[in-house]
Structure formats: structure tokens, C-alpha cells
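Chemist: one predicted model, sequence on top.
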Amino acid sequence: MSHAPTLVPNPTKTEHSLLTSYLLSRAPLPELLPLPVFTNLFPPPLRSNPQIRLLYRHLQLSRAQTISRVKKNIDLEVSQSKRQVQRLRQSNSALGSNTQGLTRDVMVGVELFGTSNSEPVMPLGELLVQMEDAVEELAEEERRLEEECDKMMKEMQEWVGGLSDLIYGKFSTPGIESKITEQLENLEETCERVLDDDGER
């Protein structure tokens, strides 16, 4: 009686799927912070200002650059794993029947780490732990970038709040013109700094 061969999952495809689903799900800015929600962060009289949409586009570009960088890191991680698998398959191509009868978990270890008698075969559970470590490293970078975005958003909210004098007609305050100009320059500098930082990474 013949038995159907046991299918061993492709480790690199599994790794790519895990990293992509964990790090890039709901990653684009419109999914995290839609334009209407972003607009509502501003005082009501300013929400029709076209500069809000322009600022949002700048943030969207910054976010897209971050996503692109994470995708490149994922592809690099997966390509390194793929090359390792190929090298080990070539070095173990002469094993032949020595791999018959191995369990599914052990076969995955054989594909990645060989079957040298001097070294134990890595089980699937341990392999998954290593993959999770790789996910954690990329997730840490994602968390750091999120913190930078939160800091930038807080700064922008502070600058927008400082412009409330325009809304309530406090034009008689001494030096109000220079103060408003300074706040606008600070807001512009914050946006440019974030975009420049993303371009350098």
C-alpha cells in the first residue's frame, strides 16, 4: 500500500508570510490615521485649510518610506535564509535514504541545518523560535519608528495649539506676529526633519 509523501512547508515562504503579516498589516497611514481623523486633530476653524491635506501627504510619504524600508529588511532576511537552505540541500544531497522515516518536524530541521552525526537535528519548534526572534528584531525597529511618529505628532499638535490665537482673535497681544511666524517655522522644521531622517535611512 503506497502512502502519499509528507509535504514539508517551505521555510522561507513561511518566514516571509509571518514577517509580512506581523509587521505590515494595517501599515499604510490611511489605515492607521485616515485623513478625516487627522483633520479633526486641528481646531474647527482651521480644518478647511488646504495646508492640512498637504501636511497629511507629507506624512503619508514618510510612512510609505518606512514601509518600503521594512519590506526591504524582510526580503533581505528571507533571501539569507533561502541561500542557507540551498547550501545545506546541496551539502546533504548525498544522504539519500538516511532521511527516510524522519518525522515532519525533523525533516524541516534537516532542510535547514543538515543531518551531521556530530550535530543534533533542529526540531521545528526550535526553528520557529529563531524565526520569532527575527520577527522581534524587525518589530523593535517598527516600534522605534512608531515612537518617532508619535513624537512628531505631539510636536505638531503643540504648534497647532499655539496658533489658537488666530482663531480667537487675540491680535492685540504684543509680539503676536513674530510668535505666529516662529510657530509656523517650527512646524515646518519638524516636518522637514522627519522627511530628511527617513530619506537618510
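Modeler: It's in.

Chemist: can you point out the buried residues in stretch 140-156?
Modeler: For stretch 140-156, the neighbour count (16 or more other CB atoms under 10 Å) marks 142, 145, 149, 152, 155-156 as buried. Bear in mind the C-beta positions are built from the backbone N, C-alpha and C, glycine included.

Chemist: one more: stretch 60-75?
Modeler: Buried, per 16+ other CB under 10 Å, within stretch 60-75: 60, 62-63, 66-67, 70, 73-74.

Chemist: how about stretch 36-44?
Modeler: 38-39, 42.

Chemist: pLDDT added to those residues, as CSV?
Modeler: Listed next are these as CSV, based on pLDDT from 0 to 100:
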residue, pLDDT
Phe38, 84
Thr39, 87
Phe42, 83
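
Chemist: where does the prediction get shaky in this protein?
Modeler: For the chain, the stretches with pLDDT under 70 are 1-15, 21-27, 84-124, 127, 156-177, 179-180, 183-184, 187, 190-201.

Chemist: remind me, longest helix of it?
Modeler: Scanning the chain for the helix with the most residues, using DSSP state H, yields helix 50-91.

Chemist: packing partners of it?
Modeler: If you count contacts as 3 or more CB pairs under 8 Å, 6 or more residues apart in numbering; DSSP states H and E, helix 50-91 packs onto helix 11-23, helix 29-32, helix 35-39, helix 104-113, helix 124-162, helix 176-200.

Chemist: returning to that earlier point: of the buried residues of stretch 36-44, closest to Thr181?
Modeler: Closest approach to Thr181 among these (CB to CB): Phe42, at 18.8 Å.

Chemist: so how far is Ile67 from the nearest residue to Arg63 once chain neighbours are set aside?
Modeler: Leaving aside its chain neighbours, Arg63 sits nearest to Leu29 (4.1 Å; criterion: CB to CB, 6 or more residues apart in numbering). Distance from Leu29 to Ile67, counting by CB to CB, to the nearest Å: 9 Å.

Chemist: what do the two both touch?
Modeler: Here Leu29 and Ile67 share no contacting residue, scored by CB atoms under 8 Å, 6 or more residues apart in numbering.

Chemist: wait, doesn't Leu59 sit right on Leu29?
Modeler: Yes: with contact defined as CB atoms under 8 Å, Leu59 reaches Leu29; the gap is 6.1 Å.

Chemist: identify the residues contacting Glu185.
Modeler: By CB under 8 Å, 6+ apart, Glu185 has no neighbours at all.

Chemist: how close does it sit to Glu77?
Modeler: Glu185 is 41 Å from Glu77, by CB to CB.

Chemist: how about Glu147?
Modeler: 22 Å.

Chemist: repeat that for Arg144.
Modeler: For Arg144, the distance to Glu77 - CB to CB - is 17 Å.

Chemist: fine, thanks again, bye for now.
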